[in-house]
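**Student:** no FASTA, just this:
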């Protein structure tokens, strides 16, 4: 199993943040299916202020490239991504078009 941690920001608007959190109480079933089908075993999102932190546990053969390709070809995923972008904003260091950014692990007590 592999673990990945990613970050993204929300727009600094209390109403939008509340709506975004409510939306994630029950995501669209088609989106949940694509997450599971890609090899993501567990996914959690945490928030502090406007910063989101996602933890993903995946199968050993999970691939960001394969997930991105499948998502790009899936109209429902594209609809979801366009919909949630109204709440989100890129991190200051993000490249053009980049949303969730993979974080570097800098400490592991078990290592």
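**Tutor:** That came through fine. This is a predicted model, so every value here is computed, not measured. Numbering: from 1, shown residues only.
**Student:** measure how buried residue 56 is and give me the count.
**Tutor:** By other C-beta atoms under 10 Å, the residues close to residue 56 number 22. Where you see a C-beta, it was placed from the backbone N, CA and C, and this is true even at glycine.
**Student:** for the nearest residue to it once chain neighbours are set aside, give its distance to residue 103.
**Tutor:** Computed as C-beta to C-beta, 6 or more residues apart in numbering, the closest residue to residue 56 that is not its neighbour in sequence is residue 4, at 4.7 Å. Using C-beta to C-beta, to the nearest Å, we find residue 4 at a distance of 8 Å from residue 103.
**Student:** quick one: which of these two has more around it?
**Tutor:** Neighbour comparison, residue 4 and residue 103: the larger count goes to residue 4, with 17 against 13 (by other C-beta under 10 Å).
**Student:** show me what contacts residue 102?
**Tutor:** 4-6, 64 (C-beta atoms under 8 Å, 6 or more residues apart in numbering).
**Student:** same check, this time on residue 83
**Tutor:** By C-beta under 8 Å, 6+ apart, the contact set of residue 83 is empty.
**Student:** report pLDDT for it.
**Tutor:** You'll see residue 83 listed with a pLDDT of 98.
**Student:** doesn't it fall inside a helix?
**Tutor:** Yes - using DSSP: H, G, I helix; E, B strand; the rest coil, the assignment for residue 83 is a helix.
**Student:** quick one, helices of this protein?
**Tutor:** Along the chain, the stretches classed as helices by DSSP state H are 14-23, 29-37, 64-72, 75-84.
**Student:** tell me what angle the third one forms with helix 29-37.
**Tutor:** Right, the one you point to is helix 64-72. Using axes from the mean of the first three to the mean of the last three C-alpha atoms, to 10 degrees, the inter-axis angle of helix 64-72 relative to helix 29-37 is 160 degrees.
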